[in-house]
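Asker: Dropping the sequence and predicted coords here.
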Amino acid sequence: MLSINLKLILDSILSYIIIFISGLVAGGINTLAGGGSLLTLPILIFSGLPPNIANGTNRVGLLIQSIFGTAGYHSKGISSYPFSLYLGFSSLIGALLGAQIAIEINPYLFNKILSLVMVTMVLIMLIRRKSFKVNLPERTSGKYLIFSLLAFFFIGIYGGFINAGIGFIIMFFLNQVNRLPLVKTNATKVFLVLIYNSGALFLFAFNNAINWKLGFILALGSSIGAWWASRWSVERGEGAIKLILVIAVIVMALKLWFY
């Protein structure tokens with residue numbers, strides 16, 4: 001009996017370490033590029049959590065890392081306010097709808113959707129050839145603002161529902177449509193995740209769909225990764241972010257292969 005209990009304790013400690021490390025990596029990836037949830041969400045599911053609770057638990061790490069990431073960019077004077085605030089409100093409304101769908105969906109169906117999302121996001125990153133636009137006038141007002149508000153409502157629905165890989169979508173839209181430079185694109189993306197994920201987290205918590213212990217372990221790792229990455233990306237510039245994009249694709253592809 002003692003040996004069985006010891007094994008359970010060691011398994012729990014190992015699980016905590018894996019979740020912490022995955023949070024550390026995801027925090028950096030999410031802040032610099034996107035796709036961290038493609039790592040953390042499956043890990044939480046494979047640790048034994050039901051899909052809806054794994055989804056809710058993942059939001060704790062996302063919220064904390066977004067706070068640290070936003071603070072890191074703010075400390076370097078990187079911001080797109082008030083444009084980011086407008087998009088944040090639009091995406092928040094969508095996220096509330098998406099989170100409610102995630103809470104009610106059949107767990108088997110959720111796992112199938114997550115698998116398809118992981119494959120799709122990896123393929124998008126591998127085949128996409130269009131480079132990021134640089135040194136162009138920003139388009140954050142008028143018809144571009146209206147179009148962005150509508151687009152981020154639907155992006156918010158996806159963010160509230162599953163979130164995995166949403167960083168790629170947000171970055172592509174902000175850079176290609178709104179023409180934000182890459183570092184400002186990342187700062188805006190992190191702030192938007194902070195806003196809409198706050199609403200999603202509230203709904204998951206209200207429905208008791210969060211394992212708070214694992215959530216805070218994940219958050220501890222992701223907050224460290226997000227703070228470091230947000231400041232490092234500003235100091236090292238856009239080339240460093242592109243490197244992280246490549247690394248993120250490789251990591252996700254390996255995870256898909258072995259799981």
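Answerer: Structure's in. What do you need? It should be emphasised that the depicted structure is a prediction, and the values quoted were computed from it without experimental measurement. Numbers count the residues shown, from 1 in each chain.
Asker: Report the spatially nearest residue to Ser198, omitting neighbours in sequence.
Answerer: Leu63 (6.3 Å; C-beta to C-beta, 6 or more residues apart in numbering). Backbone N, C-alpha and C define where each C-beta goes, glycine included.
Asker: Work out for me the element the one you found sits within.
Answerer: Assessed by DSSP states H and E, Leu63 sits inside helix 51-75.
Asker: what comes up buried for that helix?
Answerer: 51-73 (16 or more other C-beta atoms under 10 Å).
Asker: Report the rounded mean pLDDT for that helix.
Answerer: Across helix 51-75, pLDDT averages out at 87.
Asker: just how off-centre is it within its chain?
Answerer: Computed by C-alpha atoms, centre = their mean, to the nearest Å, the chain-centroid distance of helix 51-75 equals 7 Å.
Asker: try stretch 20-27
Answerer: 11 Å.
Asker: ok, residues contacting it?
Answerer: For stretch 20-27, contacts defined as C-beta atoms under 8 Å, 6 or more residues apart in numbering pick out 36-37, 39-40, 43, 61, 65, 68-69, 217-227, 229, 251.
Asker: In helices, which of those appear?
Answerer: 37, 39-40, 43, 61, 65, 68-69, 217-227, 229, 251 (DSSP state H).
Asker: Show the backbone phi and psi for Glu138.
Answerer: Main-chain dihedrals, Glu138, degrees, to the nearest 10: phi -70, psi 150.
Asker: list the buried ones in stretch 211-225?
Answerer: Result for stretch 211-225 [16+ other C-beta under 10 Å]: buried residues Asn211, Leu214, Gly215, Ile217, Leu218, Ala219, Leu220, Gly221, Ser222, Ser223, Ile224, Gly225.
Asker: Ok, stretch 147-165 next?
Answerer: 148, 151-153, 155-165.
Asker: One more: stretch 171-188?
Answerer: 171-175, 178-188.
Asker: what's the closest of these to Leu136?
Answerer: Arg179 (4.6 Å; C-beta to C-beta).
Asker: and the nearest residue to the closest one once chain neighbours are set aside, how many residues sit next to it?
Answerer: Distances taken as C-beta to C-beta, 6+ apart put Leu136 closest to Arg179, at 4.6 Å, once the chain neighbours are dropped. Neighbourhood size, Leu136 [other C-beta atoms under 10 Å]: 10.
Asker: Contacts only, for the nearest residue to Ile78 once chain neighbours are set aside.
Answerer: Excluding the flanking residues, the one nearest Ile78 by C-beta to C-beta, 6+ apart is Ala187, at 4.2 Å. With contact taken as C-beta under 8 Å, 6+ apart, Ala187 is in contact with Thr70, Tyr73, Ile78, Ser79, Ser80, Ser230.
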